[in-house]
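Engineer: Here is the input, now give the coordinates:
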Amino acid sequence: MIYFQWHGILAPKKTPEAITKQLYFSLKKVLDANRQFIEDRLANISLQVDFLGLEEFAVFLKEQNETAKRIGKELQAAGK
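Structural biologist: So this is what the prediction gives:
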């Protein structure tokens, strides 16, 4: 079994695009200014940074939801 975890920042569905873009670019600016420090600390606990773009993250979330649904159905079918 392979397991991984991820963390992301989400906003309510009807958040104006200008707000989500401002949040994205502000977070990216902080990460870029401190990338080595953050990556070094996370590497100490076997984690890594993958900062996705807005559309990339939306696709990633959709894929994760589809995977979780599939696994749930498989477990249900197996009687687990």
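
Engineer: Ramachandran angles for residue 36?
Structural biologist: phi -60, psi -40 (degrees, to the nearest 10).

Engineer: how does this structure divide into domains?
Structural biologist: Following automatic domain parsing, the chain resolves into domains at 15-49, 51-80.

Engineer: nearest to residue 8, of these?
Structural biologist: Each of the domains of the chain has some distance to residue 8 by C-beta to C-beta; the shortest is domain 51-80, at 6.1 Å. Every C-beta, even on glycine, is put in place using the N, C-alpha and C of the backbone.

Engineer: now the closest one, how far from the chain's geometric center?
Structural biologist: Relative to the centre of its chain, domain 51-80 is centred 12 Å away, using C-alpha atoms, centre = their mean, to the nearest Å.

Engineer: buried ones in that domain?
Structural biologist: residue 57 (16 or more other C-beta atoms under 10 Å).

Engineer: so can I have TSV of the domains of the chain showing distance to residue 7?
Structural biologist: Output for the domains of the chain, formatted as TSV (distance: least, C-beta to C-beta, whole Å):
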stretch	distance to residue 7
domain 15-49	9
domain 51-80	11
